[in-house]
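Q: predicted structure and sequence below. I'll ask about it afterward.
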Number of protein chains: 2
Amino acid sequence: MSRWKPDARGRLEKAALELYNHQGFDATTVAEIATRAGLTERTFYRHFTDKREVLFPAANPLADALANATATAPVPLPPLEVITHALTEAAHVLEERADLARQRQAVIAANPELQERELAKLAALASMLARTLRERGLETTTAALAAEIGIATFKVAFERWINDPARHTLAQRIRETLDTARHLTAPYGRGGDGPR
Amino acid sequence: MSRWKPDARGRLEKAALELYNHQGFDATTVAEIATRAGLTERTFYRHFTDKREVLFPAANPLADALANATATAPVPLPPLEVITHALTEAAHVLEERADLARQRQAVIAANPELQERELAKLAALASMLARTLRERGLETTTAALAAEIGIATFKVAFERWINDPARHTLAQRIRETLDTARHLTAPYGRGGDGPR
DNA sequence: CGCCGTGATGTCAGTTGATGACATCACCGT
DNA sequence: ACGGTGATGTCATCAACTGACATCACGGCG
């Protein structure tokens, strides 16, 4: 028999999510989480840099999917098509873990500090996306902007999906939202909401 | 003579910015800031909710300018034109305080916690923008997306401006970046970076 | 004129988040 | 069997924040 129960990190993540759910983020102490996971506060900090980070897994399948899809998309595709493709791929990853995603999101929605961290994570995603796009030959500003717009689209689509779980798939929401984006930035004479 | 030196809040902001600049955010303690401002740590927390907030003034002329310009733009204007207008207005506000803005940005760039807070502030701006656009009659999703794209544009333009102070004005950078956005989301046959 | 409420500040004690230094000890390979 | 290693525990310490209570110039009001 091994010296320690396996998957300490996983146990900490689970304990934290449960406690954050039951009593709220502020009301739960790191020591509590650790104890519930059969560990020590100090050990918690060996696995996560802070109390928030436990909700944002280091091994992030979403980020991986995004990176992969962006890097391997056919080169001649215009940036927004690449983004569309990548976001749709990433959507599947989330949909496989829909209930966990929703639980996590509920906790995050209830706490400003967690929302900040989430924004930071999304910004990191955007910056990774931008880097990949640059490596595909895009000019710096174009790459950065395309990445930001992609993440913005994802944010809006994701929120719609979370709040309306039954009717549509996330991928569908993303397509809709991207269409909205196209209309928004279309020049005057073309479809969209603008007059004239 | 009054009991206390005037503008405690301002003194705290000034002291904090100086200390953050000289010794870094992490290395400076709230007690230090307070002492340098001739006050107490406890008093610091009566003016700012935390150590980060001192860099993000409550009375935010940028936000005001944005809100104003968005609310008062002619109604028939398409969303992206409204955004363009509002961002350009806001740009002037920043350009009047260019050196302060740069100093602030240097401190923020050096610290992840501060970057998180900045992202949160920008998100708040976006959500305010979205609300205003909704009040102008835009559908929820369209409003949210337009606001997000506006802020994304601002982020990219601002970064370019900060890193290249001499050559262009911020307003100009914003116009350029918005053009890039238009090209990005343009349908296949139209100008931009896409092939075909 | 003097009393009184008020608001900005000070003082103090306490909790919790976060980190460094050092100890432990099953496990693994030699 | 033996020594190195890595995940964990223990202890001490600092700094971020917060609640409770004290202070006292100032300004109004009787």
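A: Received the coordinates, thanks.

Q: so A:E113 is in which element?
A: A:E113 is part of helix A:112-135, with elements assigned from DSSP states H and E.

Q: next secondary structure after that helix?
A: Helix A:112-135 is succeeded, C-terminally, by helix A:140-162 (DSSP H and E).

Q: helices and strands around whatever helix or strand comes next after that following helix, which ones?
A: Scanning forward in sequence from helix A:140-162 by DSSP H and E, the next helix or strand is helix A:170-185. The contact analysis (3 or more C-beta pairs under 8 Å, 6 or more residues apart in numbering or on different chains; DSSP states H and E) places helix A:170-185 against helix A:79-96, helix A:140-162, helix B:79-96, helix B:140-162, helix B:170-185. Using the backbone N, CA and C atoms, a C-beta is placed for each residue, glycine as well.

Q: nearest to B:L66, of the ones you listed?
A: helix B:79-96 (4.8 Å; C-beta to C-beta).

Q: tell me the gap between the helix or strand that that closest one is followed by and the middle of its chain.
A: With elements assigned by DSSP H and E, the helix or strand that comes after helix B:79-96 is helix B:98-109. Averaged C-alpha coordinates place helix B:98-109 at 11 Å from its chain's average position (C-alpha atoms, centre = their mean, to the nearest Å).

Q: contacts for helix B:98-109, please.
A: Residues outside helix B:98-109 that contact it (C-beta atoms under 8 Å, 6 or more residues apart in numbering or on different chains): B:17, B:20-21, B:25, B:55, B:94, B:114-115, B:118, B:162, B:165.

Q: and that helix, what's its mean pLDDT?
A: Across helix B:98-109, pLDDT averages out at 96.

Q: got the residues of chain A near DNA strand C?
A: Contact residues (C-beta under 7 Å from any atom of the strand) of chain A with DNA strand C: A:1-3, A:28-31, A:41-42, A:45, A:49-52.

Q: mind running it again at 10 Å?
A: Within reach of DNA strand C by C-beta under 10 Å from any atom of the strand, chain A has these residues: A:1-4, A:25-34, A:40-46, A:48-54, A:113.

Q: could you list which of the residues you listed also contact DNA strand D?
A: Answer for these near DNA strand D (C-beta under 10 Å from any atom of the strand): A:2-4, A:26, A:34, A:40-46, A:113.

Q: what subset of those is buried?
A: By neighbour count, with 16 or more other C-beta atoms under 10 Å in any protein chain shown, those hold A:34, A:44, A:113 as buried.

Q: of the residues you listed, just say which sits nearest to chain B.
A: Closest approach to chain B among those (C-beta to the nearest C-beta): A:E113, at 8.9 Å.

Q: thought the closest one was touching A:E53?
A: No - counting by C-beta atoms under 8 Å, A:E113 sits too far from A:E53 to count as a contact (11.3 Å).
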